[in-house]
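In: no sequence for this one, just the structure:
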């Protein structure tokens, strides 16, 4: 506890309002913040008594006195092991590449979300896992919102996509469960694109990034003067998405009182803004996403069982990357192709030794973390292909023995053999083929049946046998 209290964050920023906000947010995580307004003062402060306990530095891109990348390079020279984060209003890949090569650890885009800042500070000081997620940058490389574009042949992943593709064609609520970084937002966008509401509004709200005291107003809206600070009327997200789709990410963090209001609105098909005298009819489809299993939260009393029952008939369980290690080679090559298209970077291959190393790690940040680690390796790679030497942090974590023993399973979509070398049962192979077909043809069941050469009634019977036949 004493170590936490002594952690010092140096913030190099000349914007008082932003400095106060960052200082207040950092304090929640047990940081003291030393604010300096220019480069010369920052460099002079290093090594002084004021900088005792310094554990991280945040540099605003527009700090006066020196070009930001030059300052970062000098800070890196003086403090080789210290995490340095850049704060910028630009999400330019070229700027990120320059900053990373200068020595930046992470890249924060303004306006900075509270959770994102605290996540960056936590990641910057964690020694036991690969850091440098570069989340805002990698999010700029969004894949096409299409089930066909999703990379992965693991049965658990294809099964989840089969459920998602079929459920997308309905109108009922959907629940997507999976750890952070497993691709929930990607699936949300693909489901909306494949749904009858594809041309209507899609809005994705991350509950974890919304202050608790404004969540209710954000969802349901409010009338002018309905509470202190309500200077204007605001239309809530549920009403804004009328005719379209509202996705609530991290719904597991929704307060119970707001869960009750949401349940009532979904059951009645209307919404009443805070302070309003009457309700408004809505036809909004809800897609909920959760990092934690809602069934467990409901058992603990942290999630309403009735709301879970309303959401759960169509549940899409996305597996963590550690459970689909055989997909890592295809994912790595896919990400490297997209990374090579970014300004300041180039197309790279990847060696078997590097793939074995990637497959040996358990990826707590899942696919998002894999993409970010590949991006950082590509920035500093001098050859034509990434090798195991381009991932020194992973090598340190795993140890040479584990890295050498890693086995990479590469598949073309359906695994024919069990790990002991025997053929899998025919029923399991058939189930995988059906899952792949549903994902490939985006839930168009008539087309799936035609391509598989079976009748629709036979297909639906097989779906029921697989446990994916009752989605809305």
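Out: In hand now; what should we look at? Because the structure is predicted, anything quoted here is derived from the model rather than measured.
In: drop to CA atoms for contacts and neighbour counts, all remaining ones
Out: Noted.
In: quickly find the element holding the residue positioned nearest the centre of the chain.
Out: The chain has residue 181 as the residue nearest its centroid, 4.0 Å off, counting by C-alpha atoms, centre = their mean. Using DSSP states H and E, residue 181 maps to neither a helix nor a strand.
In: my guess is it contacts residue 372. True?
Out: No. In this structure, residue 181 is not within contact of residue 372 by C-alpha atoms under 8 Å, at 10.9 Å.
In: the bottom helix or strand of the protein by mean pLDDT?
Out: Counting by mean pLDDT, DSSP states H and E, the weakest-scoring helix or strand in the chain turns out to be helix 2-5, with a mean of 46.
In: give the burial count for residue 353, as a bare number.
Out: 17 (other C-alpha atoms under 10 Å).
In: ignore the last one, residue 263
Out: The number of residues near residue 263, taken as other C-alpha under 10 Å, comes to 17.
In: what does residue 48 give?
Out: Residue 48, neighbours per other C-alpha under 10 Å, totals 9.
In: ramachandran angles for it?
Out: Backbone dihedrals for residue 48, given as degrees, to the nearest 10, come out at phi -90, psi 170.
In: from residue 31, how far off is it?
Out: As judged by C-alpha to C-alpha, to the nearest Å, residue 48 and residue 31 stand 18 Å apart.
In: same thing with residue 181?
Out: Taken as C-alpha to C-alpha, the span from residue 181 to residue 31 is 26 Å.
In: low-confidence stretches in the stretch 101-250 of the chain?
Out: Residues of the stretch 101-250 of the chain meeting the criterion pLDDT under 70: 124-145.
In: now do the phi/psi pair for residue 236.
Out: Main-chain dihedrals, residue 236, degrees, to the nearest 10: phi -80, psi 170.
In: next one: the closest residue to it other than its chain neighbours from residue 263, what distance?
Out: Once flanking residues are discounted, residue 236 sits nearest to residue 221: 3.6 Å by C-alpha to C-alpha, 6 or more residues apart in numbering. Distance, residue 221 to residue 263, using C-alpha to C-alpha: 16 Å.
In: what are the ranges of the strands in the stretch 101-250 of the chain?
Out: Counting by DSSP state E, counting those that start in this stretch, the stretch 101-250 of the chain has these strands, from start to end: 106-109, 174-177, 202-206, 221-222, 234-235, 245-249.
In: which one of the ones you listed lies closest to residue 328?
Out: Among those, strand 174-177 comes nearest to residue 328, with 20.7 Å by C-alpha to C-alpha.
In: what lies in contact with the closest one?
Out: Contact with strand 174-177 is made by 167, 184, 286-293, 311-318, as judged by C-alpha atoms under 8 Å, 6 or more residues apart in numbering.
In: can you say which of those residues are buried?
Out: Neighbour-count burial (16 or more other C-alpha atoms under 10 Å) applied to these gives 167, 184, 286-292, 311-318.
In: these in strands, which ones?
Out: 286, 287, 288, 289, 290, 315, 316, 317 (DSSP state E).
In: pLDDT weak spots in the stretch 301-450 of the chain?
Out: 399-421, 439-440, 442.
In: ok, which stretches of it are strands?
Out: So, for the stretch 301-450 of the chain - with DSSP E, counting those that start in this stretch - the strands run 315-317, 349-350, 385-386.
In: before we move on, back to that, and the strands of the stretch 101-250 of the chain as a markdown table, adding mean neighbour count and distance to residue 299?
Out: Shown next, in a markdown table, are the strands of the stretch 101-250 of the chain (neighbours: other C-alpha atoms under 10 Å; distance: least, C-alpha to C-alpha, whole Å):
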| stretch | mean neighbour count | distance to residue 299 |
| --- | --- | --- |
| strand 106-109 | 23 | 37 |
| strand 174-177 | 25 | 16 |
| strand 202-206 | 17 | 23 |
| strand 221-222 | 24 | 30 |
| strand 234-235 | 17 | 34 |
| strand 245-249 | 26 | 21 |
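In: how close does the spatially closest residue to residue 90 that is not a sequence neighbour sit to residue 73?
Out: Nearest residue to residue 90 in three dimensions, chain neighbours excluded: residue 109, at 6.5 Å (C-alpha to C-alpha, 6+ apart). To residue 73, residue 109 is 20 Å away according to C-alpha to C-alpha.
In: same check, this time on residue 448
Out: According to C-alpha to C-alpha, residue 448 and residue 73 sit 56 Å apart.
In: so between the two, which is more surrounded?
Out: residue 448 (23 against 18).
In: now for the spatially closest residue to residue 173 that is not a sequence neighbour: which residues touch it?
Out: Among residues not flanking residue 173 along the chain, residue 286 sits closest, at 4.9 Å (C-alpha to C-alpha, 6+ apart). Applying C-alpha under 8 Å, 6+ apart to residue 286 gives the contacts 172, 173, 174, 245, 246, 247, 248.
In: residue 266 versus the fifth one, what's the distance?
Out: So the one you mean is residue 246. 12 Å.
In: I'd assumed residue 51 was in contact with residue 45.
Out: Yes. The criterion here is C-alpha under 8 Å, and residue 45 meets it with residue 51 at 6.4 Å.
In: ok, residue 274 touching residue 217?
Out: Yes. Judged on C-alpha under 8 Å, residue 274 makes contact with residue 217 at a distance of 6.8 Å.
In: secondary structure element for residue 9?
Out: Judged by DSSP H and E, residue 9 forms part of strand 8-12.
In: and that strand, which strands flank it?
Out: Neighbouring strands of strand 8-12 in its sheet, by DSSP bridges, are strand 32-36 (parallel), strand 54-60 (parallel).
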